[in-house]
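Undergrad: just to be clear, the model below is a prediction. Sequence and coordinates:
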Amino acid sequence: MSAPHEKRERNDVHSLIGAYVLDALDDIDRAAFDRHLRDCDVCRLEADELFEVTARLADGAWSVPPPRLRDNVLAEISNTRQLPPAVPPRPRAQDRSRRGLRLVAAAAAVVAAAGAGVAVYQVQDSRVRDAQSRLEAARASEARVRSILGAPDVQTRSGELRSGGRVTVSSSRLQNAGVIMLTADSAPAAGRVYQMWTIQSGAPTSAGALREGQSAAVQVVEGLPAMSNVGITIERAPESPQPTAPLDALVDLA
């Protein structure tokens with residue numbers, strides 16, 4: 001009878017990518033996934049993207065203010081006496097003026113503190129939600145890539161980049177989608193980016209552009225089986241509405 005880790009390594013090692021990136025694997029599973037990454041370009045690229053997202057999530061260590069910060073500060077405003085006693089001694093006009101200014105300043109400081117606390121909380125909460133959304137999108141993309149590459153009718157074709165590197169296109173009619181995997185030897189010169197195109201009846205449509213300095217990407221393209229070609233060009237950043245000749249690579253899907 002096979003050990004549980006051996007069974008996992010054979011059957012669903014791809015599913016370990018999320019836990020691997022979050023450093024949540026035990027030593028045996030991590031070793032198994034390390035071996036898998038040496039042979040699986042898709043998982044390796046997905047892992048790189050997930051590492052980037054989680055790095056942004058942890059960027060600039062910060063802490064969320066206590067949930068009751070706003071309530072506590074506003075409570076202090078209501079508890080701070082801003083009116084004189086019921087029967088006060090009659091102050092001089094100059095004293096009344098100074099005391100009024102102090103009360104106004106104190107109230108303003110408390111209100112400012114409350115506003116600042118709420119603003120900081122909102123900004124930090126927005127950062128968390130944004131990073132979580134990117135992580136969820138990366139996980140959804142990973143699942144979509146896996147479903148396409150695992151389809152029984154998937155067909156894979158590839159071509160060389162003139163600038164050095166390789167583009168691989170996997171397409172499934174059952175999934176009505178495909179995956180473009182671009183791995184260049186290096187990124188284009190400053191101000192230039194790789195851009196992917198789908199071509200049907202001679203008409204090109206952008207399938208997305210890489211960022212400046214980026215040399216590898218995995219891109220899901222819905223409806224790819226209806227296309228005749230996939231092309232790669234080098235364009236001015238951030239991207240071009242039309243491909244610039246000559247093509248850096250052209251993959252025939254027919």
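TA: That came through fine. Please read these numbers as outputs of a predicted model, since none were measured by experiment.
Undergrad: now do residue 27, the pLDDT please.
TA: Looking at residue 27, its pLDDT reads 78.
Undergrad: the one 5 residues further on too?
TA: In the predicted model, residue 32 carries a pLDDT score of 83.
Undergrad: okay, now it: neighbour count?
TA: Residues near residue 32, counting by other Cβ atoms under 10 Å, number 20. All C-beta spots, glycine's among them, are computed from the backbone N, C-alpha and C.
Undergrad: in what helix or strand does it lie?
TA: Per DSSP states H and E: residue 32 is located in helix 27-39.
Undergrad: next, the buried residues of that helix.
TA: By neighbour count with 16 or more other Cβ atoms under 10 Å, helix 27-39 contains the buried residues 29, 32-33, 36-37.
Undergrad: and it, what does it pack against?
TA: helix 4-11, helix 17-21, helix 41-57 (3 or more Cβ pairs under 8 Å, 6 or more residues apart in numbering; DSSP states H and E).
Undergrad: 6 Å instead?
TA: Helices and strands touching helix 27-39, by 3 or more Cβ pairs under 6 Å, 6 or more residues apart in numbering; DSSP states H and E: there are none.
Undergrad: alpha carbons only: can I get that helix in CSV?
TA: Provided in CSV are the C-alpha atoms of helix 27-39 (Å, rounded to 0.1, in the frame of the first residue of the first chain):
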residue,chain,number,x,y,z
ASP,A,27,9.3,18.8,4.7
ILE,A,28,8.2,15.8,2.6
ASP,A,29,5.6,17.7,0.6
ARG,A,30,8.0,20.7,0.1
ALA,A,31,10.7,18.3,-1.3
ALA,A,32,8.1,16.7,-3.6
PHE,A,33,7.0,20.1,-4.9
ASP,A,34,10.5,21.3,-5.3
ARG,A,35,11.2,18.3,-7.6
HIS,A,36,7.9,19.0,-9.5
LEU,A,37,8.9,22.6,-10.1
ARG,A,38,12.1,21.5,-11.9
ASP,A,39,9.9,19.8,-14.6
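Undergrad: quick one: low-confidence residue ranges for the chain.
TA: 1-15, 17-19, 21-24, 49-128 (pLDDT under 70).
Undergrad: reformat the buried residues of helix 27-39 as TSV; add distance to residue 231.
TA: Converted to TSV, these look like this (distance: Cβ to Cβ, whole Å):
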residue	distance to residue 231
29	39
32	37
33	34
36	31
37	29
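Undergrad: pick the one among these closest to residue 243.
TA: Set against residue 243, the nearest of the buried residues of helix 27-39 by Cβ to Cβ is residue 37 (32.8 Å).
Undergrad: for residue 212, see how far away that closest one is.
TA: According to Cβ to Cβ, to the nearest Å, residue 37 and residue 212 sit 26 Å apart.
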